[in-house]
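Asks: Need a 3D model of the sequence below.
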Amino acid sequence: MEPQTRFFIAMQEKSIKAVDSTAERNLSEQIAEQIGECVIRGQLTAGTRLLEVQLAQELAVSRGPIREALRILEKRRLARILSRRGAVVTDLSPTEIVCLYDVIVPLYELLTRKTAENWTPTDLPPIYTVIERLSESAKGGDIEGYYENNFAFARACSPIADNSLLADMLSDLEPGLRRVLYLSWERRTQEIEQHFSLLRQLIRLVTEREGLAAARIIRELGELEKQLALESCVTGATTNLRRYKTTRTPER
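Replies: The predicted structure follows:
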């Protein structure tokens, strides 16, 4: 089955309901979120074309919201709009991964420091709720739940940090980071115990207002995650090369 065919089946099953919902988010944002999830989870691979006309027909909407949704995806670095060629899903190369972590790790360090400085007792219950979910996911082997709750933990800290620019930047970069998560799924599964150990240290330091020490843990987590993602890229490239050599017709 072609990637676009799988994608449109997923859209028919899930996204049409989102488009018809009465949620406050505008139509373009809803469409961008649904297409973005297909990119993040690998249902739409790098280089897949995102055709305005086809998307509009499948979702039964005009091309205007589709065009705006593609711009949102480009801002989130999940798609690239090419002159006279439309939009395509972006590549996620080792260079792209390194660039992403070079930018996002310092932002998470800032989020951590500001949370450690600013929290009050009334701020902590939502964070404790996420921590409980993280612990349950880690102990139960729920890898997806564990890593998705890492993002929930960051989002719970964001209001405490009280920096709207920081919140916007992290929100824009989160889809790309989640895409790296799904790319490196198998390697992350193997290292979840080490990851959770570091995360527990981070949480303890934040609640003790040790912002600088907590930021150092963020750097360790960032380096661990980056290495897992890069190793997954190499493994994926090797697997693809083997498949190519296996299926290639010998030259006569």
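
Asks: all contacts plus neighbour counts: C-alpha atoms, from now on.
Replies: Noted.

Asks: Going along the chain, name the strands of the stretch 1-150 of the chain.
Replies: 49-50, 79-82, 86-89 (DSSP state E, counting those that start in this stretch).

Asks: can you list the ones you listed in JSON lines and add mean neighbour count, mean pLDDT and distance to E231?
Replies: Formatted as JSON lines, the strands of the stretch 1-150 of the chain follow (neighbours: other C-alpha atoms under 10 Å; pLDDT from 0 to 100; distance: least, C-alpha to C-alpha, whole Å):
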{"stretch": "strand 49-50", "mean neighbour count": "20", "mean pLDDT": "94", "distance to E231": "27"}
{"stretch": "strand 79-82", "mean neighbour count": "18", "mean pLDDT": "94", "distance to E231": "24"}
{"stretch": "strand 86-89", "mean neighbour count": "20", "mean pLDDT": "93", "distance to E231": "22"}
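
Asks: how about those strands, which one is nearest L124?
Replies: The closest of these to L124 is strand 79-82. By C-alpha to C-alpha, the value is 36.7 Å.

Asks: what's that closest one in contact with?
Replies: By C-alpha atoms under 8 Å, 6 or more residues apart in numbering, the residues outside strand 79-82 that reach it are 70-71, 73-74, 87-90.

Asks: Out of those residues, which is nearest to T207?
Replies: Nearest member of the contacts of strand 79-82 to T207, counting by C-alpha to C-alpha, is L73, at 35.6 Å.

Asks: Does that closest one touch C38 like I think?
Replies: No. Applying C-alpha atoms under 8 Å as the test, L73 and C38 come out as separate, 11.6 Å apart.

Asks: who has more neighbours, these two?
Replies: L73 (25 against 19; other C-alpha atoms under 10 Å).

Asks: roughly how far apart are the more buried one and A152?
Replies: Distance check for L73 against A152: by C-alpha to C-alpha, to the nearest Å, it reads 21 Å.

Asks: helices and strands of this protein: which one bottoms out on pLDDT?
Replies: Sorting the helices and strands of the chain by mean pLDDT, DSSP states H and E puts helix 16-20 at the bottom, at a mean of 45.

Asks: Show the average pLDDT along stretch 65-74.
Replies: On average, the pLDDT along stretch 65-74 is 94.

Asks: residues in contact with P159?
Replies: Counted by C-alpha under 8 Å, 6+ apart, P159 has zero contacts.

Asks: what sits against the residue nearest the centre of the chain?
Replies: For the chain, the residue nearest the mean C-alpha position is R178 (1.6 Å; C-alpha atoms, centre = their mean). R178 is in contact with I40, counting by C-alpha under 8 Å, 6+ apart.

Asks: can you tell me the helix or strand for it?
Replies: helix 164-183 (DSSP states H and E).

Asks: which parts of the next helix or strand after that helix are buried?
Replies: Sequence order places helix 185-190 as the next helix or strand after helix 164-183, per DSSP H and E. Neighbour counts over helix 185-190 (16 or more other C-alpha atoms under 10 Å) mark 185, 187-189 as buried.

Asks: How about stretch 50-59?
Replies: For stretch 50-59, by 16+ other C-alpha under 10 Å, it's 50-52, 55-56, 59.

Asks: Distance to K139 added to those residues, as a markdown table?
Replies: Output for the buried residues of stretch 50-59, formatted as a markdown table (distance: C-alpha to C-alpha, whole Å):
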| residue | distance to K139 |
| --- | --- |
| L50 | 39 |
| L51 | 42 |
| E52 | 44 |
| L55 | 41 |
| A56 | 43 |
| L59 | 40 |
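
Asks: re earlier: right, and the pair among the contacts of strand 79-82 with maximum separation?
Replies: The farthest-apart pair in these, when distances are taken by C-alpha to C-alpha, is R71 and T90, at 13.0 Å.

Asks: Need the overlap of contacts for these two.
Replies: The contact lists of R71 and T90 share no entry, where a contact means C-alpha under 8 Å, 6+ apart.

Asks: nearest to E109, of the strands of the stretch 1-150 of the chain?
Replies: The nearest among the strands of the stretch 1-150 of the chain, by C-alpha to C-alpha, is strand 79-82 at 27.3 Å.
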